[in-house]
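Novice: Would you be able to build a 3D model of this:
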Amino acid sequence: MRCVHSPGQGQQPGAGDVPCPDGLDRQLTTCSRNSWPLERWLRPSEIAHYHILDVRQRVRALSSCVDFEHRFFEMTSPSTNPMARWLADRFGGKRAALRYALHQGRYRLGAYRQFSVLRRTADVRLVFFCKGNICRSPFAERYALSRGLDAASFGLEAGDGSTSPKGAVDAARAFGIDLETHRARSRGRIDFRPMDLLLAFEPEHAQQLSRAEGRERASDVVLLGLFSKPRHPYLHDPYGHGPAYFDRCYRRIAAAIDELVLKPCSSAFERTRR
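Specialist: From the prediction side, this is the model:
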């Protein structure tokens, strides 16, 4: 038995053939092979018909799916779409822009308050941390050192000894920062001090370290972007992105550190409400 998709003129379905349900072809072409299971798009009766398709018809359906995805991503590619290019340069891409907007909304509703309070501002060491310790946190560390501050950095999932990518090295050079000699450090290679101030770039990372450090050190974890103007509770990882977003990300990091140096205060929330 096999499923017949709209036979042409002169073609008659065989004795074992069954007609395809209406809309099956259309739904198969919008169903991704990997991301979305059939159950998300098709009714149980339609799934049964799909599973009795012969191999040639399955290949044709999946080929249509691949062609659809290719044309969709080509349409939304930064190289061909001005809006996609703007989002990539400003936020790091479409998904990053959505995450940025989501965290901005949560911040405006009062979230992340615990990551906006500086319990102390004198005699502290700034310890920056991100995921891999090859892009954001090493730049922040060396920029802070260039401002005469005591600083260090590490990565929550860093591979010890990893080097910064060329995009990070080139972008940092524009700020007078040398990342060519940087080698990534994991959390286990940092000797924490009682006066450390732990600065994250993403709320998820701040929450992860707060849980790991326990209640005693949770108050020492803050979001760096909440001390810049405007506030940036989420600073997307520039790894794998182009020079424009690397430069924008590093400018936001530098601006936040400058604010910490020039105008230390107890809470970023208090400043936004004045």
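Novice: For residue 101, see how far away the nearest residue in space to residue 115 that is not next to it in sequence is.
Specialist: Computed as C-beta to C-beta, 6 or more residues apart in numbering, the closest residue to residue 115 that is not its neighbour in sequence is residue 223, at 4.4 Å. No exception for glycine: its C-beta is placed from N, CA and C like everyone else's. In this view, residue 223 and residue 101 are 16 Å apart by C-beta to C-beta, to the nearest Å.
Novice: More neighbours: these two, which one.
Specialist: residue 223 (27 against 12; other C-beta atoms under 10 Å).
Novice: Just to check, that one is in contact with residue 197?
Specialist: No - with contact defined as C-beta atoms under 8 Å, residue 223 does not reach residue 197; the gap is 11.6 Å.
Novice: Surely residue 115 touches residue 224?
Specialist: No - counting by C-beta under 8 Å, residue 115 sits too far from residue 224 to count as a contact (9.5 Å).
Novice: what about those two, which has more around it?
Specialist: More crowded of residue 115 and residue 224, by other C-beta under 10 Å: residue 224, with 31 against 24.
Novice: State the number of residues packed around the closest residue to the more buried one other than its chain neighbours.
Specialist: The shortest distance from residue 224 to any residue that is not its chain neighbour, by C-beta to C-beta, 6+ apart, is 4.3 Å, and that residue is residue 199. For residue 199, the count of nearby residues is 30 (other C-beta under 10 Å).
Novice: next one: residue 210
Specialist: Neighbouring residues of residue 210 were enumerated by other C-beta under 10 Å; the total is 19.
Novice: Give me the secondary structure label for it.
Specialist: Of the three states, residue 210 takes helix under DSSP: H, G, I helix; E, B strand; the rest coil.
Novice: Retrieve the pLDDT associated with it.
Specialist: The score at residue 210 is 88. That number is its pLDDT.
Novice: picking up where we left off before, just confirm the residue nearest to residue 224 is within a strand.
Specialist: Yes - counting by three-state DSSP, one finds residue 199 located in a strand.
Novice: Common neighbours of residue 115 and residue 224, please.
Specialist: Counting by C-beta atoms under 8 Å, 6 or more residues apart in numbering, the common neighbours of residue 115 and residue 224 are residue 200.
Novice: hmm, back to that, quick check, pLDDT for the residue nearest to residue 115.
Specialist: pLDDT recorded at residue 223 is 96.
Novice: Let me see the contact set for it.
Specialist: Contacts of residue 223 were listed using C-beta under 8 Å, 6+ apart, and they are 112, 115-116, 199-203, 206, 233.
Novice: Repeat the analysis, applying 7 Å as the threshold.
Specialist: Contacts for residue 223 (C-beta atoms under 7 Å, 6 or more residues apart in numbering) come out as 112, 115-116, 200, 203, 206, 233.
Novice: Can you pull the phi/psi pair for it?
Specialist: Its backbone dihedrals place residue 223 at phi -100, psi 120, with angles given as degrees, to the nearest 10.
Novice: separation between it and residue 259?
Specialist: When distance is defined by C-beta to C-beta, residue 223 is 13 Å away from residue 259.
Novice: shared neighbours of those two, which are they?
Specialist: Common contact partners of residue 223 and residue 259 (C-beta under 7 Å, 6+ apart): none.
Novice: quick one: the helices in the stretch 151-274 of the chain?
Specialist: Counting by DSSP state H, counting those that start in this stretch, the stretch 151-274 of the chain forms helices over residues 166-173, 203-213, 215-218, 243-262, 268-272, given from the N-terminal end onward.
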